[in-house]
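Enquirer: fold the stuff below for me.
(2 chains)
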Amino acid sequence: MSKVLRIKKGANIKLVGGAEKILADVPMPSAVAVKPTDFEGTTPKLVVKVGDEVKAGSTLYYSKDNDQIKFTSPVSGEIAEVKRGAKRVIEEIVIVADKETKYEDFGASNPTSESREAIIEKLCKSGLWPFIKQRPYDVIAKPNDTPKAIFISAFDSAPLAPDNDYILHGKSATFQMGIDALAKLADVHLTVNNATKADEAFLQAKNVTLHYIEGPHPAGNVGVQIHHFSPISKGEVVWTIKPQDVLAIGKLFKTGRYDASRTVAVSGAQIKTSKYFRTIQGVSMKTLLEWNLNEGNNRIISGNVLTGEKVDLEGYLGFYDYQVTVIPEGGEAQMFGWITPNPDKFSISRALVSWLSPNKQYNLDANMNGEERPFVVTEEYDKVFPFDIYPVQLVKAIMVDDIELMENLGIYEVAPEDFALCETVCTSKIPTQTIVRDGLAMLREEMS
Amino acid sequence: MSNAIHKFLENTIKPNFDEGGKLVKYLPAYDALETFLFVPGHTTNGKGSHIRDGIDMKRTMIMVVLAMVPALLFGMWNTGYQHFLATGEAYTFMDAFFYGALKVLPLVVVSYGAGLGVEFVFAIINKHQVAEGFLVSGMLIPLCLPVEIPLWMVAAATIFAVIIGKEVFGGTGMNILNVALTARAFLFFAYPTWMSGDKVWIGGGMDETVAYADGSTGATILAQATEKSSGFVDAAGVAYGDSFMSAFLGFIPGSIGETSTLAIMIGAAILLITGIASWKIMFSGILGAYVMGLLFNLWGANPFMEVPAHMHLVIGGFAFGMVFMATDPVSAAQTATGKYIYGFLIGFLGIMIRVFNPAYPEGIMLAILFMNVMAPLIDHYVVEANIKRRQKRTMAIAA
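Expert: From the prediction side, this is the model:
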């Protein structure tokens, strides 16, 4: 067994309403959506219009910058609506799903006997390519790049995150097929959580370099793992992909179909029965949640509470999300809230009494708990940022648009999600993830 | 009850300050008062993290103010105690406390009044929110001054420090120098007769009508140390039984909040337990001062050099400056490594200035201000080392 990397910096925020390990089926939703806004840095070029019939795997649109990268329909059915937002940006492509899914056939094959080009071609055509993201910039990978490695984090350490060991159990063969396809593209590195026993789908995986990591969130973030096992320097590219997406690639090679089914953890304090659901990419929140919500003003999040996207009941599951979290919205002002002990609020500082009960499960709402201020407190981000990078200095470099300094301080190694805890614990309530996202976008613009 | 108040504010008072209201100009002032009463209920905007830590700037600053309360209360009592010691009058514990409270509270009120006044004016002019930084500075300023300082000087120094020390740089979080020390340094150089000598430290010392008893003196231990390294005397002119213990407990003349190392340590405990102040700065500062003290002991060229190293830690403003001022996160070094260097040099230089230059016995103030200026440089080199490491890695890959 290789060496275990133990990280100390970070924080596990324990929330009430974790998903029980029960798998339930959700009926095929009447509508699903593909949201071009899920894909940072791409401009969609539509190839379908309202009323068109599509199959699962039919191209809906491609990326204007790279027509190789296609975005396909997760279901078969009829294009019901192309919803546009401000400046006519396409926000949602809504598809009314058939009862029985019809699939485009991309041809079953064994990835080990396919060439690199053929595999890339197949992933692009089927619409699975966008699952592969790249560092730097945290955007969809470029098919003609040669990455130095592909990193997969076998576990998600975010609050209420789905348990991949549970989801992938018994699917070793399909998962391995996905790995085999990826291994043709670059060396595959798989990192498992050393604190729990990973499923054999991961531990028995062949064609991969296995790493072990242990520690609080963000230990499960692929960025942390890359930083410690194979850091990215300027000019290098590392690709990343999530385990369930590897499974989807496996299914593509096994069946020749784009099978968009996925297992989603539905959790949070405002969910009546938190458990796992077998459903489909882009499922409408109504189908997934309507019957399962507690009364009250709810914050529905596609993804986890740290990085997810706020959606409403009319919204849809994000492309990269395997989790839906529903928490109370909150929004009440608190009298003298800056001095009350507030045992029910989470804090990594000890200025609230909650540090006296480290194992407490919180029912947190979406309150800001204070107003935005300039940076004052120091070494706060460092406590939850397990990188050899100065986080505040990097954020400040982005704020003043100093590209050289950003590069020097290590912006190529990070993604907004790596700053999620920094943003959460920030005394000055600085929108750190947005700043890092903007910085990466600016850098990408400059470099292209 | 609190809901009703909040509704009343939102529906009846606030509209006057909103767009179109009569008092729209004064929105920042209203806002500061409302957010003081109520932490606003706004929620995360849906981009980025949805849940937030329960801490905010107000709580952080209030914790520091709370940490200063033991020093404040002791300072009040000690002001009275020193007064009665010098005059030789009979007194009770409460006499001393109330005498001191009447002397000290006006200083606190004037400091807050002047400083917050400037903050509100700048917030209204610049249309930004009133930041909480001055809550701490407003308490620090009176505590680091001699009790006899005239109120108008406190007001002038506070206004100077807030405008020149902070607002010109962009307000809270942007200043280079510690605001309270800027105020103190202003007074020290502008009105030296009110910032040093034998009378200013004793309640009533500058009042001609107050009669001192025979043999009494108001000289601080720092002042006495220029002539002798032991056998210090108190305000009545009587030698301390155990001058280290007297100084540690704080029964000595000095700036209002600085005398009792014990009271300051209670504050330090609050800051360290809550994690608000940096233990790295405090620890390395004490280490730096002790090392310098030991070096002087070895040298021993004059009485001040012979003052035992541990004595340096409990006299003058060392403990107060190290706990409450050197740890100011805005003006201190910001990197972990930088904090060790920054803290150590404050302690080291503070004792050096104290001993080498009898004209400036309060070396800690100058050492902190000097290191405030140097802190960005320290951080620069610490961060630069990190950058070099990253570049080396790139080079290794390229090779």
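Enquirer: just checking, residue A:224 touches residue A:384?
Expert: No. The pair residue A:224 and residue A:384 fails to qualify as a contact (Cβ atoms under 8 Å) at a distance of 11.1 Å. Every C-beta, even on glycine, is put in place using the N, C-alpha and C of the backbone.
Enquirer: those two - which one has more neighbours?
Expert: Per other Cβ atoms under 10 Å in any protein chain shown, whichever of residue A:224 and residue A:384 has more neighbours is residue A:224, with 28 against 24.
Enquirer: what's the separation between the more buried one and chain B?
Expert: Separation of residue A:224 from chain B (Cβ to the nearest Cβ, to the nearest Å) stands at 16 Å.
Enquirer: what's the helix or strand containing that residue packed up against?
Expert: Element membership for residue A:224, per DSSP states H and E: helix A:222-229. Using 3 or more Cβ pairs under 8 Å, 6 or more residues apart in numbering or on different chains; DSSP states H and E as the contact criterion, the elements in contact with helix A:222-229 are strand A:149-153, strand A:188-193, strand A:208-214, strand A:238-240.
Enquirer: and the helix or strand just after the first one, which residues are buried?
Expert: Read it as strand A:149-153. Beyond strand A:149-153 on the C-terminal side, the first helix or strand identified by DSSP H and E is helix A:164-167. Along helix A:164-167, the positions that meet the burial threshold by neighbour count (16 or more other Cβ atoms under 10 Å in any protein chain shown) are A:164, A:165, A:167.
Enquirer: and if you look at stretch A:177-189?
Expert: Of the residues in stretch A:177-189, those with enough neighbours to count as buried (16+ other Cβ under 10 Å) are A:177, A:178, A:179, A:180, A:181, A:182, A:183, A:184, A:185, A:186, A:188, A:189.
Enquirer: out of those residues, who's nearest chain B?
Expert: Here the nearest of these to chain B, counting by Cβ to the nearest Cβ, is residue A:186; it sits at 15.8 Å.
Enquirer: could you list the contact residues of the stretch 151-300 of chain B toward chain A?
Expert: Counting by Cβ under 8 Å from any Cβ of the partner chain, the positions of the stretch 151-300 of chain B adjacent to chain A are B:170, B:171, B:172, B:173, B:174, B:273, B:274, B:275, B:276, B:278.
Enquirer: please flag which of those residues sit within helices.
Expert: Using DSSP state H, the members of these that fall in helices are B:273, B:274.
Enquirer: so which of the residues of the stretch 151-300 of chain B next to chain A is the closest to residue B:127?
Expert: When those are ranked by distance to residue B:127 (Cβ to Cβ), residue B:171 comes first, at 12.2 Å.
Enquirer: ramachandran angles for residue A:335?
Expert: Comment: the main-chain dihedrals of residue A:335 come out as phi -70, psi 130, following degrees, to the nearest 10.
Enquirer: export the helices and strands packed on helix A:222-229 as CSV, with columns for mean pLDDT and distance to residue B:148.
Expert: Formatted as CSV, the entries for the helices and strands packed on helix A:222-229 read as follows, by pLDDT from 0 to 100; distance: least, Cβ to Cβ, whole Å:
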stretch, mean pLDDT, distance to residue B:148
strand A:149-153, 97, 65
strand A:188-193, 96, 65
strand A:208-214, 95, 61
strand A:238-240, 97, 67
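Enquirer: beta partners of the closest residue to residue A:155 other than its chain neighbours?
Expert: Leaving aside its chain neighbours, residue A:155 sits nearest to residue A:193 (4.4 Å; criterion: Cβ to Cβ, 6 or more residues apart in numbering or on different chains). Bridge pairing for residue A:193 (DSSP bridges) gives the partners residue A:213.
Enquirer: residue A:193 and residue A:216 touch, don't they?
Expert: No. Taking Cβ under 8 Å as the contact criterion, residue A:193 and residue A:216 are not neighbours in contact, 11.2 Å apart.
Enquirer: ok, which pair from the residues of the stretch 151-300 of chain B next to chain A is furthest apart?
Expert: With Cβ to Cβ as the measure, no two of those lie farther apart than B:170 and B:273, at 31.8 Å.
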